[in-house]
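Undergrad: I'd like to go over a predicted model; first the sequence, then the structure.
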Amino acid sequence: MDLNRLWVLGSVVLIAATAVLGWVLGISPKLSEASIADADRVAVETQNSASALKVAALKVKFENIGDLKGELSALRLAVPNAAEIPAFVAQLDSIAQQHQVTLTDISVKDAQAYVPVVVAPTATAAEGAQTAPTPTATPAPTASAAPTAAEVAAALAPVPNALITASNFVSVPISLSVSGSYGNVLDFIEGLQKGTRLVMVTTFATARAESPPAAAPTAITTTTVDTPATSDQVTTTISALIYVLIDPPAAAAPPAG
């Protein structure tokens, strides 16, 4: 009887040990592998979803690639990759004819590297940064105050672009002299800034055109017609900047292997 119990107990222990070893050595690793594979599947599906969204966005952009190429062409005319002075002079002649002024002189100076515009702090702001505030009574609430000069300057300051650097963007100073009526000259300056080529007028100075010399008197007396002493004809000197965006150098081709 005792021997049979021992055999039964031994069989039970052997079966339990076999089940445990089967779980540890067979089933548990397979479940872990299945769990890892399922996690990898979820990660791949997430990556595929993100890629699908990118592909869809690229398809939408590709559908509008014609419009983008048109915008690029217009921008390339406004800011070419070379000075292209002859084409710019032709544009000046066209604008001058359109506004009935005479272009008498044009000079081009050496190109200058691009320098980002930095808004300097005002004297008030500098004093406020150095002087400790004096405690005062809390004022009564009032209507919103007008923006300070520093706030206006900060709002109007251009935002630097990391893609525009001194190595790929240059400005070319130019100087123009035109003559014509004062109104036509102003129209010419406006047309100059709205032309195909991007032009920034920095300064201009206007002077009244000199009157032609009077004719020498003759022995024969003729009827004299009074003419106005003043004229709206002026000569104007304009200083401006045109810009060039230099293309990055093409990558060197890999050597033939």
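TA: Perfect, thanks for sending it.

Undergrad: alpha carbons only for contacts and neighbour counts from here, please
TA: Fine.

Undergrad: can you read off the backbone torsions of residue 110?
TA: Backbone torsions for residue 110, taken as degrees, to the nearest 10, come to phi -70, psi 150.

Undergrad: what is the neighbour count of it?
TA: When neighbours are counted by other C-alpha atoms under 10 Å, residue 110 registers 8.

Undergrad: same question, residue 184
TA: Neighbour tally, residue 184, other C-alpha under 10 Å: 19.

Undergrad: check contacts around the residue lying closest to it once chain neighbours are set aside.
TA: Leaving aside its sequence neighbours, residue 184 sits nearest to residue 99 (C-alpha to C-alpha, 6 or more residues apart in numbering; 5.6 Å). Residues in contact with residue 99 (C-alpha atoms under 8 Å, 6 or more residues apart in numbering) are 184, 185, 187, 188.

Undergrad: put the buried members of the residues you listed into a ChimeraX selection.
TA: The buried subset of these, as determined by 16 or more other C-alpha atoms under 10 Å, is captured in ChimeraX by this line:
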select :184,185,187,188
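
Undergrad: can I get the contacts of residue 99 in JSON lines with distance to residue 108, secondary structure and pLDDT?
TA: Below are these laid out as JSON lines (distance: C-alpha to C-alpha, whole Å; DSSP: H, G, I helix; E, B strand; the rest coil; pLDDT from 0 to 100):
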{"residue": "184", "distance to residue 108": "24", "secondary structure": "helix", "pLDDT": "93"}
{"residue": "185", "distance to residue 108": "20", "secondary structure": "helix", "pLDDT": "93"}
{"residue": "187", "distance to residue 108": "22", "secondary structure": "helix", "pLDDT": "93"}
{"residue": "188", "distance to residue 108": "19", "secondary structure": "helix", "pLDDT": "94"}
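
Undergrad: out of the contacts of residue 99, which comes closest to residue 172?
TA: residue 188 (19.9 Å; C-alpha to C-alpha).

Undergrad: how close does the closest one sit to residue 164?
TA: Remark: distance between residue 188 and residue 164 (C-alpha to C-alpha, to the nearest Å) = 30 Å.

Undergrad: quick one: average pLDDT of the helix ranked longest in the chain?
TA: Of all the segments of type helix in the chain, defined by DSSP state H, the longest one is helix 28-63. Across helix 28-63, pLDDT averages out at 82.

Undergrad: next structured bit after it?
TA: Counting by DSSP states H and E, the next helix or strand C-terminal to helix 28-63 is helix 65-78.

Undergrad: quick one: that following helix to helix 28-63, angle?
TA: Per axes from the mean of the first three to the mean of the last three C-alpha atoms, to 10 degrees, the angle that helix 65-78 makes with helix 28-63 is 60 degrees.

Undergrad: what sits up against helix 65-78?
TA: Helix 65-78 is contacted from outside by 196, 197, 198, using C-alpha under 8 Å, 6+ apart.
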